[in-house]
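S.K.: What follows is a predicted structure for the sequence shown.
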Amino acid sequence: MALKATIFKAELQIADMDRNYYRDHALTIARHPSETDERMMVRLLAYALHAGETLAFGKGLSTEDEPDLWRKDLTGAIELWIDVGQPDEKRIRRACGRAREVFVYSYGGQGAAIWWDQIAGKLERNANLTVVTLPAASSQALARLAQRNMQLHCTIQEGQISLGDSAEQVLVEPSTIRSPVKPSR
């Protein structure tokens with residue numbers, strides 16, 4: 001018998017001063033049986049960073065053709081593709097071919113650095129790719145916020161993120177290790 005996803009509910013208040021985005025979101029998050037709380041909370045953080053009317057969670061780890069999060073336009077074209085963790089370079093290249101913008105949020109400290117060192121050269125031509133790394137201590141602290149029912153608030157200002165509940169605040173300072181290539185004039 002296959003294990004089923006665990007369902008988490010999150011009431012997420014977002015105050016993103018960098019984008020002038022202020023909204024509350026009622027989210028249902030399915031955590032795959034092989035997914036950790038840390039990975040799920042990084043997905044939630046990525047949601048907060050890109051929140052909007054049409055941003056949606058993908059079907060999860062078991063679905064190869066879908067990202068962790070995505071935004072489609074009215075025609076069904078993929079505007080934004082977001083993966084979390086350390087996807088292989090083939091998956092990233094395929095995403096760059098399918099979406100206007102691709103973001104990868106990596107975490108895991110030294111393991112994430114080694115992963116990026118191994119694939120960075122193979123992705124140089126992907127002009128629409130952004131890779132962001134999160135400090136290991138921050139992603140581990142985010143995992144401690146995970147509960148089946150969460151009431152979280154997220155403040156984003158000048159690239160710093162504060163995510164927390166009534167008992168604990170986690171400060172996250174992401175580092176962009178690869179930005180989209182600007183076309184030369």
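M.R.: Sure thing, it's come through. Given the structure is predicted, the values throughout are model-derived calculations rather than measurements.
S.K.: With only the CA atoms kept, save the lengthiest helix in the chain in CSV.
M.R.: Under DSSP state H, the helix in the chain containing the largest number of residues is helix 37-50. What follows is helix 37-50, C-alpha atoms only, in CSV (Å, rounded to 0.1, in the frame of the first residue of the first chain):
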residue,chain,number,x,y,z
ASP,A,37,9.7,19.4,7.1
GLU,A,38,12.8,21.5,6.1
ARG,A,39,12.0,21.0,2.3
MET,A,40,8.3,21.7,2.8
MET,A,41,9.0,24.9,4.7
VAL,A,42,11.5,26.1,2.0
ARG,A,43,8.7,25.6,-0.5
LEU,A,44,6.5,27.7,1.7
LEU,A,45,9.2,30.4,1.9
ALA,A,46,9.5,30.3,-1.9
TYR,A,47,5.7,30.8,-2.1
ALA,A,48,6.0,33.9,0.1
LEU,A,49,8.7,35.3,-2.0
HIS,A,50,6.7,35.0,-5.2
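S.K.: What average pLDDT does that helix get?
M.R.: Looking at helix 37-50 alone, the average pLDDT works out to 97.
S.K.: Report all helices and strands that the helix or strand following that helix contacts.
M.R.: If you walk from helix 37-50 toward the C-terminus, the next helix or strand you reach (DSSP states H and E) is strand 55-57. The helices and strands touching strand 55-57, judged by 3 or more CB pairs under 8 Å, 6 or more residues apart in numbering; DSSP states H and E, are strand 21-31, helix 37-50, strand 69-72. Heads up, the C-betas are built off the backbone N, CA and C, glycines and all.
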